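In: Okay, predicted coordinates and the sequence, questions at the end:
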Amino acid sequence: MKKVNPKEVEKYLSMPYSFVINQVNDESGKYFVARVLELEGLIGTGDTYDEAYKDVKEAMESYIETKIANGIELPLPMDSTDYSGKFVVRLPKTLHKLLSKRAKEEGVSLNQYALYKLAL
C-alpha cells in the first residue's frame, strides 16, 4: 500500500459526484440510505436525511483513501456532456404500434409521448 496524500483525497471529495438519498420504511423502522452512484457499493445511513448524507460523505473519504492506497483507479463523476440526449430502444412491434397510437391520440410525436412516459 502506498502513502495517501490528503490533497489527492480532497480533490476527489470536491468533485461533483451524484448522491442519491432515499427514505426507507421497513421492519427496522424509518431511516435514510444514501449512496454515490459512481462509487459502487458505497452507502451511508442515518435517522435523518442530513445524517445519511454525512455518513456517506465519511464513508466516501475512507473509500477514496483505500482505493488510492491500493493503486485502484477511482471512477470520475458522471458528466452531462458525456450524453447526447439520444438512445435507441428496441421494442416489440405491438408496443411500438400501441405507443404510436397513443401519441397520435394525444396529438404529439412518438418521441414527445415516450419522453413524457419515461419522465413519470
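Out: Yes, it's here.

In: any idea how far Lys54 is from the nearest residue to Tyr49 once chain neighbours are set aside?
Out: Of all residues not flanking Tyr49 in the chain, Phe32 sits nearest, at 5.3 Å (C-beta to C-beta, 6 or more residues apart in numbering). The C-beta positions use only the backbone N, C-alpha and C, and glycine is treated the same way. In this view, Phe32 and Lys54 are 11 Å apart by C-beta to C-beta, to the nearest Å.

In: sorry, back to before: show me what contacts the residue nearest to Tyr49?
Out: Neighbour list for Phe32: Ile21, Asn22, Gln23, Val24, Thr45, Gly46, Asp47, Thr48, Tyr49, Glu51, Ala52 [criterion: C-beta atoms under 8 Å, 6 or more residues apart in numbering].

In: Select from these every entry located in helices.
Out: Of those, the ones assigned to helices by DSSP state H are Tyr49, Glu51, Ala52.

In: Nearest to Gly41 among the residues you listed?
Out: Distances from Gly41 to the ones in helices among the contacts of Phe32, taken as C-beta to C-beta, are shortest for Ala52 (15.9 Å).
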